[in-house]
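Novice: curious how this folds, go ahead:
(2 chains)
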Amino acid sequence: MDYLLHILIVALINIILVVSFNILLGFTGVFALCHAAFYGVGAYTVALLMKSGGFSFFPAMICAVGLTVCCSLVIAIPGLRVHWDYMVIFAFSFQMIIYHVMMNWMGLTRGPQGIPGIPPASVFGFEFESKPSFLLLCLVLCSAVVFFVRRIETSSFGLVLKGIKDDEVAVQSIGKNVTLHKIVAFAVAAGLAAVAGSLIAAYISYISPGYFDLHMSVFVVIALIFGGVGRIPGAALGAMVLTALPELLRFIPYLPSTILGGTRDLIYATILVFFMLYRPQGLMGKARQ
Amino acid sequence: MASILEGKGIDKTFGGLQALNQVDVSIAQGKITGLIGPNGAGKTTLFNVLSGFLKPDRGQVIFKNIDITHKAPQAIVHQGIARSWQGLRLFENLTVLENIMMSIPRGEKENSISTLLAPWTRNKEKLERALEISRLVNIENRVQYAVRELSYAEQKLVAIARLLATGAEVLLLDEPTSGLDEKTVNQVITPLLRELISQSGKTICLVEHSIKLVFHMCDYVFCLDEGRVVACGNPLELRQDEKLQRAFFYGA
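Specialist: Here you go, the predicted structure:
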């Protein structure tokens, strides 16, 4: 039961990540392979503020969101003014820089040793220490994020983002500032990734740079494509399935433990390739016209 | 009639090609001005300069006595000049209504938060305006369709609707009738453009290949060739210029 709750909690945190990334790739068409960096900045901020600063969870999370938004602006303001392919390089570089900062700023992040002993989340004296209570917290925050992203999708702002994905020049010609819209979308997506980071830090009580490396950013992209780019239910389902799938593959019978890891990755990759061949629009995406 | 938009001494070069050479144009307020010329004459380049999508190497673009040469395209739309595209550039995956709604500027009651989070379908004021525009261009029955599902003629109308939705005073139309049959042009496009001038007080400048339409509709015409204005005047004057007739109009 505990194991199931653990998978559910991780899945909900991943849903926040993938749904927030959907604002970028799904609505706006901005491909930025650095979502794990924002996730990491959020997690480390919460970890440090809660452990060393004596902050409780929610104030620490608000600070984490603020700091992550500021970090996102550092690359969004120069990166989103240029052509999209430069932005891909900007984002990739940012991901690498943040990872190396986490690995090497020993005085702040303790490098590869990570930060242990992060206190559990608490609100008005109630500690979300048990798995069911933390699941509830994740459920509330995940629902809030999904609701927030859905509101963006249906707003005038979201409409312009979809226009940007279709044709940036046309958006300019109707009097909309393309760069400003992209920067705001980027900042919002980064802020929401920090919410996911806050939750993971408070949940596992130990974080290290390995959680926030390039693989995690790639996971977010794959989960969104798997679920259906541009669709919130697809993003959520993609995150859930790809969180659960490797866990399910643990139970493959008759495999010697020495080759279990490799075989599991092979099956995981094969399923993804076949899925993309036969349903390229993703689980819930609309078929391309 | 006073001119509302002027291009003064505009030069634009692409590599070794002089696309515009000392071009002077003046668009009169409340009138229809035509730009004609063979392919490669510089008509669309001039449109790109007037709408801010290209910066000229030399020269100025003046709108209501303000120099807008170096303003960004979206700022020029806010000033009151909007343009359509030869290739339409509609948001094909969105509906007609969404295309129009997106183009309507932010209302006084809207703020940053409501723009970010309030569903656009609940903005009654904007919705009414969008439906009014769709009625004006005769596509009110198609507003819920995705643009890609419409015929080419209908897409042309959506392009005009989107332009109107920006609320701009000056409309720059890049080949509004190309690809349309004569019946659609005569029954839909021509009356619509006339209505925009007489009822809505717009100023129109259009690039056209159809000389017949230009002579029929425009109050003033600029003829471009190899990046220069080779003639200008009202259609009556241009008709009488025999040299011009031979070079351009093939007896239109």
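Novice: burial check on B:N123, number of neighbours?
Specialist: Burial of B:N123 is recorded as 22 neighbouring residues (other C-beta atoms under 10 Å in any protein chain shown). Any C-beta I mention is one placed from the backbone N, CA and C, and that applies to glycine too.
Novice: contact partners for whichever residue of the stretch 51-200 of chain A sits closest to chain B?
Specialist: Here the stretch 51-200 of chain A gets closest to chain B at one residue, A:G175, 3.2 Å apart by C-beta to the nearest C-beta. Shown in contact with A:G175 (C-beta atoms under 8 Å, 6 or more residues apart in numbering or on different chains): B:Q74, B:V77, B:H78, B:A82, B:S103, B:P105, B:T166, B:A168.
Novice: taking those one by one, which sit in strands?
Specialist: B:A82 (DSSP state E).
Novice: which one of the contacts of A:G175 is nearest chain A?
Specialist: B:V77 (3.2 Å).
Novice: A:G163 versus the closest residue to that closest one other than its chain neighbours, what's the distance?
Specialist: Nearest residue to B:V77 in three dimensions, chain neighbours excluded: A:G175, at 3.2 Å (C-beta to C-beta, 6 or more residues apart in numbering or on different chains). In this view, A:G175 and A:G163 are 12 Å apart by C-beta to C-beta, to the nearest Å.
Novice: same question, B:I81
Specialist: Using C-beta to C-beta, one gets 20 Å for the distance from B:I81 to A:G163.
Novice: swap in B:D225?
Specialist: Relative to A:G163, and taking C-beta to C-beta, B:D225 is found at 36 Å.
Novice: of those two, which one has the most company?
Specialist: With neighbours defined as other C-beta under 10 Å, B:D225 and A:G163 compare such that A:G163 has more, 27 against 16.
Novice: next, the contact list for that one, please.
Specialist: With C-beta under 8 Å, 6+ apart, A:G163 has these contacts: A:A170, A:V171, A:I174, A:K176, B:F91, B:L94, B:M102.
Novice: make a markdown table out of these and add secondary structure, distance to B:L157 and neighbour count.
Specialist: Below are these laid out as a markdown table (DSSP: H, G, I helix; E, B strand; the rest coil; distance: C-beta to C-beta, whole Å; neighbours: other C-beta atoms under 10 Å in any protein chain shown):
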| residue | secondary structure | distance to B:L157 | neighbour count |
| --- | --- | --- | --- |
| A:A170 | helix | 16 | 24 |
| A:V171 | helix | 20 | 25 |
| A:I174 | coil | 16 | 26 |
| A:K176 | coil | 21 | 26 |
| B:F91 | coil | 15 | 27 |
| B:L94 | coil | 16 | 20 |
| B:M102 | helix | 16 | 25 |
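Novice: tell me which of the residues you listed is nearest to A:C70?
Specialist: The nearest member of the contacts of A:G163 to A:C70, counting by C-beta to C-beta, is A:K176 at 24.7 Å.
Novice: quick check on that closest one: phi, psi?
Specialist: Note on A:K176: backbone dihedrals following degrees, to the nearest 10 are phi -100, psi 140.
Novice: just B:I36 next, same as before
Specialist: phi -130, psi 170.
Novice: and the stretch 1-150 of chain B, which of its residues are near chain A?
Specialist: Residues of the stretch 1-150 of chain B lying near chain A by C-beta under 8 Å from any C-beta of the partner chain: B:51, B:53, B:72-74, B:77-78, B:82-83, B:85, B:89-94, B:98, B:101-103, B:105-106, B:110, B:114-121, B:123, B:148.
Novice: residue ranges with poor pLDDT in chain A?
Specialist: By pLDDT under 70, the low-scoring segments of chain A are A:287-289.
Novice: what's the longest helix in it?
Specialist: helix A:178-204 (DSSP state H).
Novice: returning to what we had before: what subset of the contacts of A:G175 is buried?
Specialist: Among the contacts of A:G175, those scoring as buried are B:Q74, B:V77, B:H78, B:A82, B:S103, B:T166, B:A168 (criterion: 16 or more other C-beta atoms under 10 Å in any protein chain shown).
Novice: B:R162 is in contact with the fifth one, correct?
Specialist: Yes: if you go by C-beta atoms under 8 Å, B:S103 and B:R162 touch, sitting 4.7 Å apart.
Novice: and for those two, which residues touch both?
Specialist: Common contacts of B:S103 and B:R162 (C-beta under 8 Å, 6+ apart): A:I174.
Novice: which helices and strands sit right next to the helix or strand bottoming out on mean pLDDT in chain B?
Specialist: One helix or strand of chain B scores below all others by mean pLDDT, DSSP states H and E: helix B:242-244, with a mean of 74. In this structure, helix B:242-244 packs against no helix or strand, with contacts taken as 3 or more C-beta pairs under 8 Å, 6 or more residues apart in numbering or on different chains; DSSP states H and E.
Novice: quick check: buried residues in it?
Specialist: Neighbour-count burial for helix B:242-244, counted by 16+ other C-beta under 10 Å, picks out B:L244.
Novice: so B:F53, which state does it fall into?
Specialist: coil (DSSP: H, G, I helix; E, B strand; the rest coil).
Novice: list phi and psi for it.
Specialist: Reported as degrees, to the nearest 10, the phi and psi values for B:F53 are phi -80, psi -20.
Novice: quick one: contacts for it?
Specialist: A:V169, A:Q172, A:S173, B:P73.
Novice: what of B:L90?
Specialist: Counting by C-beta under 8 Å, 6+ apart, B:L90 makes contact with A:D167, A:A170, B:N99, B:V147, B:Q155, B:V158, B:A159, B:R162.
Novice: check what pLDDT the closest residue to it other than its chain neighbours gets.
Specialist: Leaving aside its sequence neighbours, B:L90 sits nearest to B:V147 (C-beta to C-beta, 6+ apart; 4.7 Å). pLDDT recorded at B:V147 is 97.
Novice: which of the contacts of B:F53 are buried?
Specialist: Counted by 16+ other C-beta under 10 Å, those give A:Q172, A:S173, B:P73 as buried.
Novice: all helices for chain B, in order.
Specialist: Ranges of helices in chain B, per DSSP H, are B:43-50, B:73-79, B:96-103, B:112-117, B:124-136, B:152-165, B:182-184, B:190-198, B:211-217, B:235-240, B:242-244.
Novice: deepest of those, which one?
Specialist: Most buried of these by mean neighbour count (mean count of other C-beta atoms under 10 Å in any protein chain shown) is helix B:96-103; its value is a mean of 26.
Novice: contacting residues around that helix?
Specialist: Residues contacting helix B:96-103 (C-beta under 8 Å, 6+ apart): A:156, A:159-160, A:162-163, A:171, A:174-176, B:90-91, B:94, B:120, B:123, B:126-127, B:130-131, B:133-134, B:139, B:142-145, B:147, B:150, B:158, B:161-163, B:165-166.
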